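Participant: Sequence first, then the predicted structure, then my questions.
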Amino acid sequence: MKPIGSQKKENESFLKKEDYQKELLRKLEAVKEKVKEGGGKKSIEKHKAKGKLTARDRINLLVDDPKKFFELSTFAAYGMYEEYGGAPSSGTIYGIGKIHGRDCVIVANDATVKAGAWFPITAKKNLRAQEIAMENRLPIIYLVDSAGVFLPLQDDIFPDKEHFGRIFRNNAKMSSMGIPQIAAIMGPCVAGGAYLPIMSDEALIVEGEGSVFLAGAHLVRAAIGEVIDNEALGGAKVQSNISGVTDYIMKNDEECIAQIRSLVSKFGRNETAGFDRIESKPPKFSPKEIFGLLPEDTIKPYDTYDVLSRIVDDSEIDEYKAGYGKTLITAYARIDGWAVGIVANQRSVVKTEQGEMQVGGVIYSDSSDKATRFIMNCNQKKIPLFFLQDVTGFMVGSKAEHGGIIKDGAKMVNAVANSVVPKITIIVGNSFGAGNYAMCGKAYDPRFIFAYPNAKISVMGGNQAGSVLLDIKLKQEEKSGHKFGDEDKKKLLNDILKSYNEKSTPLYAAARLWIDEIIDPSQTREWISMCLEVVNNNPEILKFNPGVIQT
């Protein structure tokens, strides 16, 4: 084992960086608190006046410990659908929590947001929740309270492969996989949305508030002329005692949630994947010091070993090929007792044995080769992979091209794509271009992907992109006979950079579900440990086939 990291003096530079990073986190926490208000105080009061609990109150009552409920995609839809009044957290809350000690995915419609209507991103968020349940063999609980599809945007949610219908397809698939699904109808459940609870294994319905039907009373009257109210059409007693559609009638939300807990408590225990875990040891250095290690400008270098020393147990690693391919750190370690294989971008400038200086955060041919072989080793040994991503891309230029950077980079991407052990990714700073792919970005199926508040996700850095976009714009304008002066060019560049940088933020990414959550850097160990416990629930880790990775 190799000790890593060192105690950092709280000098002016450290404190300045710490304050900057904490301020980013404070701003995000303020946004999160606003998002958690859902449709606002008036909507919440109206909801409670019906005797109903809010979506978050329902979840808090359902899980063993609300403080250990890991909410995901909290910022979904942030800044989107503003022309319709917005959709905080996309009108749906989901995450992972324990019910009688069993990890469960919990999905709850927030009826204070447009009556729980489904926006396009709502469907994407629900599909992500189901994906997590399927990949990790977790039971899933649906707390249904929704008016159905948001009709003004029906064309973006209804017909395509990854749209609304995929939800019900997944219901069927999960049943065939033996993954328990319990649905509680705690409000309206209309039209196509009615299939979600009824395609679950068991369905509960709350008397007086819950209702389920393919067409509500207004549509029934318009379609066939029958005059009937919603309760007589598809209320709790009708659907439980006459149609037999639902399985349990509950008096109120509290009784319904107690019944769900009782049902879950009787689930059998499954085998685990068998990932190795021993007694946890804290790092030798405080995880809170990560704030003072990360630079204010993500282009500036820092020592990734120092960050890792605040994450891994006892601040120790078994480093693989320590003296080779130094812009990537590959190492075995433990996080909260769990064995992991770490692939991390080294952000400091490093010197090779040949005396050459290599830029931190850039992937070279040697580091690509090293990572490829390490990923293969982790697959062979059944060790989950943890990617700590702060990458500006692969090395460019004639020397890199002549050395086969595309070939070596392709090998690494191949290894990441074909890896069968679970992968967990955290974006610490930059996530640019093909580096995003090689370091297991969203397209490469990480079981979970998170970002720190200072992360930047884009095809290239802002300055480079701004220069390219400005050049394109100027050439377009020149063709039309319009010439720009220096001041005009400066203003145009500033406008381009502002727009580009706004779309590179973690908040922009989280709104569109490119990442699962923006996390507090000082809580990295807790998030990774939770993920490792969750992925351990799926015993069906495929047998490693070294033939799938070309070396």
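Facilitator: Yep, it's here.

Participant: What separation do you get for the residue nearest to residue 286 when sequence neighbours are not counted and residue 20?
Facilitator: Leaving aside its chain neighbours, residue 286 sits nearest to residue 310 (6.8 Å; criterion: C-beta to C-beta, 6 or more residues apart in numbering). C-beta: built from backbone N, CA, C; applies to glycine. Applying C-beta to C-beta, to the nearest Å, the value for residue 310 to residue 20 is 17 Å.

Participant: Mind checking which of the two has more residues around it?
Facilitator: Taking neighbours as other C-beta atoms under 10 Å, residue 310 and residue 20 compare with residue 310 leading, 24 against 17.

Participant: Was I right to think that one contacts residue 291?
Facilitator: No - counting by C-beta atoms under 8 Å, residue 310 stays clear of residue 291, with 9.8 Å between them.

Participant: Between the two, which contacts overlap?
Facilitator: Counting by C-beta atoms under 8 Å, 6 or more residues apart in numbering, residue 310 and residue 291 have no shared contacts at all.

Participant: Mind checking the pLDDT average for stretch 31-50?
Facilitator: For stretch 31-50, mean pLDDT rounds to 96.

Participant: cool, and stretch 383-391?
Facilitator: Mean predicted lDDT for stretch 383-391 stands at 97.

Participant: From here on, call the first residue 53.
Facilitator: Sure, I'll start counting at 53 from here, so that last one is stretch 435-443.

Participant: can I have it written out in CSV, keeping just the CAs?
Facilitator: What follows is stretch 435-443, C-alpha atoms only, in CSV (Å, rounded to 0.1, in the frame of the first residue of the first chain):
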residue,chain,number,x,y,z
ILE,A,435,-13.6,-5.0,-8.8
PRO,A,436,-16.0,-2.1,-9.5
LEU,A,437,-14.5,0.9,-11.3
PHE,A,438,-14.5,4.5,-10.0
PHE,A,439,-13.6,7.2,-12.6
LEU,A,440,-12.5,10.5,-11.1
GLN,A,441,-12.9,12.7,-14.2
ASP,A,442,-11.1,16.0,-14.8
VAL,A,443,-10.1,15.8,-18.5
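
Participant: tell me how far it is from the chain's mean position?
Facilitator: Distance, stretch centre to chain centre, for stretch 435-443: 15 Å (C-alpha atoms, centre = their mean, to the nearest Å).

Participant: Residue 457 contacts residue 447, correct?
Facilitator: Yes - in this structure residue 457 lies within contact range of residue 447 using C-beta under 8 Å: 5.7 Å.

Participant: Overlap in contacts, those two.
Facilitator: Counting by C-beta under 8 Å, 6+ apart, the contacts common to residue 457 and residue 447 are 416-417.

Participant: for the stretch 103-252 of the chain, what are the low-confidence residue spans?
Facilitator: Counting by pLDDT under 70, the stretch 103-252 of the chain has low-confidence residues at 244.

Participant: Please name the residues that touch residue 247.
Facilitator: 220, 223.

Participant: how close does it get to residue 67?
Facilitator: Distance from residue 247 to residue 67, by C-beta to C-beta: 56 Å.

Participant: likewise residue 552?
Facilitator: 31 Å.

Participant: Counting neighbours around each, name which of the two comes out higher.
Facilitator: Set residue 552 next to residue 67 and count neighbours by other C-beta under 10 Å: residue 552 wins out with 18 against 13.

Participant: quick one: which helix or strand includes the more buried one?
Facilitator: Using DSSP states H and E, residue 552 maps to helix 538-554.

Participant: How far off centre is the following helix or strand past that helix?
Facilitator: Where DSSP H and E defines the elements, the next helix or strand beyond helix 538-554 is helix 558-563. Its chain's C-alpha centre and that of helix 558-563 lie 10 Å apart, by C-alpha atoms, centre = their mean.

Participant: now do stretch 81-89
Facilitator: 18 Å.

Participant: that older thread, contacts only, for the residue nearest to residue 338.
Facilitator: Per C-beta under 8 Å, 6+ apart, neighbours of residue 362: 57, 335, 337-339, 341-342, 345, 576.

Participant: again, only this time at 6 Å
Facilitator: 335, 337, 339, 341-342 (C-beta atoms under 6 Å, 6 or more residues apart in numbering).

Participant: Assign it to helix, strand or coil.
Facilitator: Following DSSP: H, G, I helix; E, B strand; the rest coil, residue 362 is assigned to coil.

Participant: Quickly note the distance from it to residue 91.
Facilitator: From residue 362 to residue 91 the distance is 39 Å (C-beta to C-beta).

Participant: got it, and residue 381?
Facilitator: 46 Å.

Participant: Neighbour count for these two, which is higher?
Facilitator: Neighbours were counted for residue 381 and for residue 91 using other C-beta under 10 Å; residue 381 has more, 26 against 22.

Participant: in the sheet, who's paired with that one?
Facilitator: With DSSP bridges applied, residue 381 shows beta-bridge pairing to residue 396.

Participant: That one contacts residue 398, correct?
Facilitator: Yes - judged on C-beta atoms under 6 Å, residue 381 makes contact with residue 398 at a distance of 5.3 Å.

Participant: Find residues that contact each of these two.
Facilitator: residue 356.

Participant: All the strands of the stretch 503-603 of the chain, in order from the start?
Facilitator: 508-510, 569-570 (DSSP state E, counting those that start in this stretch).

Participant: Report the strands that pair with the first one, each with its relative direction.
Facilitator: So that's strand 508-510. strand 475-484 (parallel).

Participant: buried ones in the partner strand?
Facilitator: 475-484 (16 or more other C-beta atoms under 10 Å).

Participant: Which strands and helices lie in contact with the helix or strand containing residue 393?
Facilitator: Using DSSP H and E, residue 393 maps to strand 390-397. Where contact means 3 or more C-beta pairs under 6 Å, 6 or more residues apart in numbering; DSSP states H and E, strand 390-397 is packed against strand 380-387, strand 437-443.

Participant: Just after that strand, pick out the following helix or strand.
Facilitator: strand 402-403.

Participant: From the chain's centre, how far out is that next one? Work that out for me.
Facilitator: 34 Å.

Participant: Equivalent analysis for stretch 372-392, please.
Facilitator: Using C-alpha atoms, centre = their mean, the offset of stretch 372-392 from its chain centre is 24 Å.

Participant: And the contacts of it?
Facilitator: 328-332, 356, 364-365, 369-371, 393-396, 398, 402, 410, 414, 416, 418-419, 422-423, 426, 435-436, 438, 577, 580-581, 584.

Participant: Now a PyMOL select for only the buried ones of those.
Facilitator: Of the contacts of stretch 372-392, the buried ones go into a single PyMOL selection, burial set by 16+ other C-beta under 10 Å:
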select buried, resi 329+356+364+365+369+371+393+394+395+396+398+402+410+414+416+418+419+422+423+426+435+436+438+577+580+581+584
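
Participant: Just to check, residue 242 is in contact with residue 198?
Facilitator: No - using C-beta under 6 Å, residue 242 is not in contact with residue 198, being 7.5 Å away.

Participant: Looking at those two, which one has more neighbours?
Facilitator: Taking other C-beta under 10 Å, residue 242 and residue 198 do not tie; residue 198 has more neighbours (26 against 22).

Participant: For the more buried one, which non-adjacent residue is closest in space?
Facilitator: According to C-beta to C-beta, 6+ apart, the nearest residue to residue 198 is residue 168 (3.6 Å).

Participant: Quick one: residues contacting that neighbour.
Facilitator: 143, 161, 197-199 are the contacts of residue 168 under C-beta under 6 Å, 6+ apart.

Participant: One more: residue 478?
Facilitator: Here residue 478 is in contact with 440, 502 (C-beta under 6 Å, 6+ apart).

Participant: Could you give the bridge partners of it?
Facilitator: Judged by DSSP bridges, the bridge partners of residue 478 are residue 440, residue 502.

Participant: Tell me the gap between stretch 66-75 and the middle of its chain.
Facilitator: Using C-alpha atoms, centre = their mean, the offset of stretch 66-75 from its chain centre is 25 Å.

Participant: since we're on the residue lying closest to residue 584 once chain neighbours are set aside, how many residues are nearby?
Facilitator: Nearest non-adjacent residue to residue 584, counting by C-beta to C-beta, 6+ apart: residue 390, 4.3 Å away. Neighbours of residue 390 under the rule other C-beta under 10 Å: 23.
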